[in-house]
Structure formats: structure tokens, C-alpha cells
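Colleague: Any chance you could fold what I've pasted below:
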Amino acid sequence: MFMTTKNCNGSGNCVEACPTDAIKLVNGKVVSCITCGKCERVCPNKAIFKNKYGGYVVDRTKCNLCGMCMNVCPVDVITVKDGKIMGLCSMCGVCAPACENNARMAPPKRPVQMENEMVNRINIGTNHDDCIECGRCAYFCPSNSIKFSYIEPGVCTKCDLCIDVCPRNAIGPIEEGGEYEINMQRCAVCYKCLIECPNDAIVANHLELEIKHPEYDVENDTKMIACLECKLCADACPTDGLQVINKRLRYDVDYCSLGNNVNGEKHCADDFSHAPCVTACPQGILEFVPDSKITLEGLCVECGLCVKECKYGARKFGNNTWDGEIGSRCLKCGICVEVCPKEALTIEDGQVKVNFDKCVLCEKCAIYCPVNAIPKTTPLKMKISSGYSMLNNNLCIGCNLCVDACVFKAITPDEDGNLQINNERCIYCGACKTACPARAIKIQRDFEATI
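Modeller: Purely as a prediction, here's the structure:
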């Protein structure tokens with residue numbers, strides 16, 4: 001419950017500010033709902049519920065004004081006003097800033113004790129400024145844990161594989177930084193380059209070999225995504241198919257139940273695209289390959305071959321860290337809290353806070369953040385493509401926290417003073433829903449992947 005300190009001068013500002021009439025003045029002293037919960041327990045219609053802040057809210061569609069809550073209230077603040085039960089504190093906190101003497105304060109919270117002051121992850125990362133998206137790393141990756149959003153088929157990407165396999169050094173740029181060409185005077189016409197080219201960019205015509213290049217000189221918007229080694233797939237695996245051994249991911253095909261029965265039991269769904277490990281991967285890298293001998297591909301085994309083979313130094317072993325800093329553009333929408341698979345994020349006192357002992361740097365929070373307030377290394381982004389929002393005025397307590405939370409000014413009162421959501425302005429981020437202490441707002445949203 002909110003408490004009143006000795007700084008109170010009996011001005012009554014908190015009484016006027018309280019949207020649920022849960023505060024009153026008695027002989028110049030503040031008396032307010034103590035959120036004891038007796039009203040909830042005696043309500044015969046289950047019309048009173050406890051919210052996420054520890055306060056209580058009345059669902060007016062269920063309430064029949066029987067008065068049981070009024071009879072048991074130990075501080076006698078519950079009343080009927082305009083046909084509505086009033087006097088229950090929702091812990092919205094509106095009273096605190098209204099007090100000119102800072103006499104209203106929230107109950108103290110026990111601080112979360114953490115062993116770590118930041119979270120770190122040692123893995124192979126990509127410097128996207130150096131990467132030219134040639135696809136060479138993906139070609140050499142033994143576990144198919146590197147993928148590209150799009151590589152135009154049939155044209156040279158300068159992956160240099162043809163140069164590597166040419167026995168006569170007949171392939172290369174005519175001038176520095178130029179397009180690759182084949183010197184037919186040197187070429188032995190062994191066709192090794194044609195066979196090995198991963199993008200089918202080399203064609204043969206009557207003993208003449210030619211490298212095809214993009215027709216237009218446009219900026220390359222291809223992006224590479226790779227396994228982050230967050231190990232969420234191992235956490236989700238119902239068997240010992242995926243394990244963390246010496247801090248590295250390992251896949252035991254004999255224990256994997258994708259397409260197999262383990263000890264006579266089938267642990268994964270028939271739709272392998274929804275297998276626990278596949279759906280747990282924040283990058284969407286893991287995939288079931290029925291024709292493969294190992295059935296599951298996409299996890300990085302840290303062999304380092306991509307680092308060795310990258311001609312541009314874009315793939316490197318590194319130590320990624322995060323101190324929990326979140327950009328000022330943060331909406332406090334709560335999407336990051338919703339999608340975090342480790343429950344490492346919370347919103348407290350209007351700020352997003354990170355539990356470093358739980359966070360595994362999977363970057364899912366950053367991938368889904370609608371305003372890019374959380375740093376990330378992956379180019380993958382999940383954007384809100386469509387949605388639906390609804391405000392239930394039978395639950396709304398009129399605290400206007402949703403109005404304050406919406407930076408897009410999508411919530412306004414109608415002619416009757418009831419709040420409504422303008423879906424033309426709303427981006428369905430959910431900041432209003434997160435701020436609402438009464439569960440009066442529902443948000444449904446769809447995401448689409450972009451790179």
C-alpha cells in the first residue's frame with residue numbers, strides 16, 4: 001500500500017488526485033486503502049481482483065453492488081458512488097506526485113541481489129561494417145549456422161572460392177577493387193571454378209569461361225545472421241540431444257527426438273518447425289533437415305573455420321558485454337519483458353531493469369524492441385506489422401497513466417469522458433497496457449521479420 005509520512009499537511013491534494021477515491025481526510029489526517037485484500041476474498045461475484053502492482057480493481061461487469069466489500073473494509077474507505085464501487089487502491093501511484101510535500105510514498109521493495117554487474121557472452125561475432133556479404137563463411141560453416149537474407153543467384157559475390165581452387169591463378173580482378181575475370185590464356189579449362197562456385201556465377205561456352213556480375217551497381221542490402229550461441233536451444237531441448245559441454249553447444253544425434261523416438265517416447269511434435277529447440281532460437285537459425293544424417297542444423301560449434309576463411313576479417317572471436325543500458329527512446333512498452341525467455345527483464349519504477357544473473361544475451365529483447373532502444377549485434381529485426389487495441393471502460397479507473405505513457409497521443413477521452421484508443425495513431429507497442437493498473441487495455445499484435 002502507499003504510505004503517508006509525517007510530512008503530510010492535510011492539504012488533500014492526494015484525495016483529489018486519487019482516481020478511485022481510495023484516500024480520504026479524517027480530522028485533517030489521511031486515511032487510505034491498505035490493500036489488505038479482504039474485499040477481494042469476500043466478493044461473491046469475484047468482481048475484485050489483485051493486479052500486478054499489489055493493488056485491487058473492480059470489474060464493474062461482475063459487480064452487483066451487494067456491499068460485502070464495504071462491510072469488511074477495515075479502514076472504511078469503500079463506498080458506492082454514481083452506481084460504482086469506489087475506495088479500492090490500485091497502486092497506480094497518482095497520489096505521490098500530487099503531494100506537494102512528498103508525503104505519499106510507495107512501499108519499499110527488497111532489492112534483487114545479483115552476483116554479476118553485467119552480462120557477457122564469448123562467441124564468434126560479425127563486424128557488419130567489414131562484411132561484404134559474399135557468403136564465403138556460410139560455404140565453409142560445417143553446421144550451416146550462418147545464413148544470408150538474400151544473395152542474388154547467378155552473379156559473383158567475390159567470395160574468392162574460384163581463386164582458391166584455380167590451379168593456374170587465372171582468376172582475379174583486372175584492377176584493384178574491380179570485377180573478377182578469368183584469363184583464358186592462363187586457364188586450363190579444368191572447370192574446377194565452375195563446379196565449386198556456390199552461387200553458379202561461372203558459365204562455360206565452347207571452352208570459354210565467364211564470370212557473371214550484377215547488372216546494376218546498387219548498394220548491397222543483404223544481411224548475414226548467425227548463431228549467437230545463447231544456448232536457449234539446449235535449455236528447451238526435452239532430451240539430451242542438445243547439451244552445453246565446457247560452455248559449448250554440442251548436438252548428440254542419438255538423443256535427438258526430431259524424427260526419432262528416444263527410449264520409446266516421442267518428445268517433439270510432428271511439425272518439426274515447432275520443435276522446442278527450433279522455436280527457442282531467437283535468430284531462427286536452427287532447422288530440421290530430414291534428409292541430413294544429423295537431422296538438426298544451425299548451431300555454431302565454434303570450430304573457427306569461418307574466422308579463418310573470412311577474407312575481410314569480419315568474423316572474429318570476441319567477448320560481447322551488456323551493462324543493461326537502454327536508450328532514452330525506450331517507451332517502457334514491456335515487449336522486451338514479454339519476449340524474454342529467461343525472465344531477466346522487469347519494469348520497475350518506470351524503468352526497464354535487467355537481472356544479469358538470468359540474462360544470456362540472446363538479444364531477443366533488442367530484436368523485438370519497436371524503437372531500437374536496446375543494443376544488439378544481429379541485423380535481424382522483428383517489426384510490428386499489424387495489431388488491435390481495446391480499452392475496456394468497465395475496468396478503467398480513470399488514472400490516465402495510459403494517456404501519459406502513450407508518446408503517440410493515441411489515447412484521448414470521448415464526449416462522455418471515457419478514454420478511447422485511436423488505432424490510426426496506435427502502433428500497438430503496449431506502453432499503455434503496461435502502465436494500466438486495472439487490466440483495462442488489451443493489445444494484440446503481429447510481427448514480421450526484417451533484416
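
Colleague: Tell me the spacing between the nearest residue to Thr157 once chain neighbours are set aside and Leu194.
Modeller: Closest residue to Thr157 apart from its sequence neighbours, by Cβ to Cβ, 6 or more residues apart in numbering: Cys134 at 4.3 Å. Where you see a C-beta, it was placed from the backbone N, CA and C, and this is true even at glycine. Look at Cys134 and Leu194: by Cβ to Cβ, to the nearest Å, they are 18 Å apart.

Colleague: Do me a favour and get the end-to-end distance for stretch 1-15?
Modeller: Stretch 1-15 has an end-to-end distance of 15 Å (criterion: Cα to Cα, to the nearest Å).

Colleague: no, scratch that, I was asking about stretch 25-32
Modeller: End-to-end distance of stretch 25-32 (Cα to Cα): 9 Å.

Colleague: Low-confidence stretches in the stretch 101-250 of the chain?
Modeller: For the stretch 101-250 of the chain, the stretches with pLDDT under 70 are 216-222.

Colleague: if you set the cut-off to 90 instead, what comes out?
Modeller: Within the stretch 101-250 of the chain, the ranges that satisfy pLDDT under 90 run 101, 105-117, 121-123, 128-129, 132, 149-152, 174-178, 214-224, 238-241, 247.

Colleague: Asp254: neighbouring residues, count only.
Modeller: 9 (other Cβ atoms under 10 Å).

Colleague: meant to ask about Cys369, not that
Modeller: Residues contacting Cys369 under the criterion other Cβ under 10 Å number 26.

Colleague: what about the helices in this protein?
Modeller: According to DSSP state H, the chain carries its helices in the segments 13-17, 38-42, 68-72, 95-98, 136-140, 161-165, 192-196, 232-236, 276-280, 305-309, 335-339, 364-368, 401-405, 431-435.

Colleague: can the ones you listed go into CSV with extra columns for distance to Val31?
Modeller: Shown next, in CSV, are the helices of the chain (distance: least, Cβ to Cβ, whole Å):
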stretch, distance to Val31
helix 13-17, 10
helix 38-42, 16
helix 68-72, 15
helix 95-98, 13
helix 136-140, 68
helix 161-165, 79
helix 192-196, 82
helix 232-236, 49
helix 276-280, 51
helix 305-309, 67
helix 335-339, 35
helix 364-368, 42
helix 401-405, 23
helix 431-435, 27
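
Colleague: ok so, going back, measure the residue nearest to Thr157 to Arg104 for me?
Modeller: Cys134 is 62 Å from Arg104, by Cβ to Cβ.

Colleague: cool, and Ala314?
Modeller: 55 Å.

Colleague: same question, Lys332
Modeller: As judged by Cβ to Cβ, Lys332 and Arg104 stand 22 Å apart.

Colleague: Of Ala314 and Arg104, which one has the most company?
Modeller: Arg104 (25 against 21).

Colleague: That one bridge partners, please.
Modeller: Applying DSSP bridges to Arg104 gives these bridge partners: Thr4.

Colleague: surely it meets Phe2?
Modeller: Yes - contact criterion Cβ atoms under 8 Å: Arg104 and Phe2 qualify, at 5.5 Å.

Colleague: which neighbours do those two share?
Modeller: 95-96 (Cβ atoms under 8 Å, 6 or more residues apart in numbering).

Colleague: If you count neighbours, what's buried in stretch 194-208?
Modeller: For stretch 194-208, the neighbour count (16 or more other Cβ atoms under 10 Å) marks 194, 197-199, 201-202 as buried.

Colleague: which other residues reach that stretch?
Modeller: 135, 139, 151, 153-157, 159, 161-162, 165, 182, 184, 189, 191, 193, 209-213.

Colleague: Could you give the separation of that stretch from the chain centroid?
Modeller: Offset of stretch 194-208 from its chain centre (Cα atoms, centre = their mean, to the nearest Å): 43 Å.

Colleague: So what sits opposite the nearest residue to Ala138 once chain neighbours are set aside in the bridge?
Modeller: In space, Ala138 comes closest to Ile146 once its chain neighbours are excluded; the distance is 4.2 Å by Cβ to Cβ, 6+ apart. Beta bridges link Ile146 to Ala226, judged by DSSP bridges.

Colleague: Quick one: neighbours of Ile146, just the number.
Modeller: The burial count for Ile146: 23, using other Cβ under 10 Å.

Colleague: That one reaches Met224, doesn't it?
Modeller: Yes - here Ile146 reaches Met224: they are 6.4 Å apart, a contact under Cβ under 8 Å.

Colleague: Overlap of the contact sets of the two?
Modeller: With Cβ under 8 Å, 6+ apart, Ile146 and Met224 have common neighbours 137-138.

Colleague: Burial check on the residue lying closest to Glu343 once chain neighbours are set aside, number of neighbours?
Modeller: For Glu343, ignoring the flanking residues on the chain, the nearest one in space by Cβ to Cβ, 6+ apart is Lys358 at 6.4 Å. Other residues within reach of Lys358, judged by other Cβ under 10 Å, total 16.

Colleague: Repeat that for Gln243.
Modeller: Other residues near Gln243 come to 15 when the count uses other Cβ under 10 Å.

Colleague: same deal with Cys336?
Modeller: 25.

Colleague: what sits against it?
Modeller: 345, 352, 365-366, 368-369, 374.

Colleague: next one: Asn64
Modeller: By Cβ under 8 Å, 6+ apart, the contact set of Asn64 is 45, 47.

Colleague: So for it, what pLDDT did the model give?
Modeller: pLDDT for Asn64: 95.

Colleague: before we move on, what about Val354?
Modeller: 95.

Colleague: Could I get the phi/psi values of the closest residue to it other than its chain neighbours?
Modeller: Setting aside the residues directly before and after it, Val354 is nearest to Gly324 in space (Cβ to Cβ, 6+ apart), at 3.9 Å. Here the main-chain torsion angles of Gly324 (degrees, to the nearest 10) amount to phi 90, psi 0.

Colleague: I figured Gly324 hits Lys353, correct?
Modeller: Yes - between Gly324 and Lys353 there is a contact under Cβ under 8 Å: 7.2 Å.

Colleague: Write the PyMOL selection for whichever of the contacts of stretch 194-208 are buried.
Modeller: Selection of buried members from the contacts of stretch 194-208 for PyMOL, criterion 16+ other Cβ under 10 Å:
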select buried, resi 135+139+151+156+157+159+161+162+182+193+209+211+212
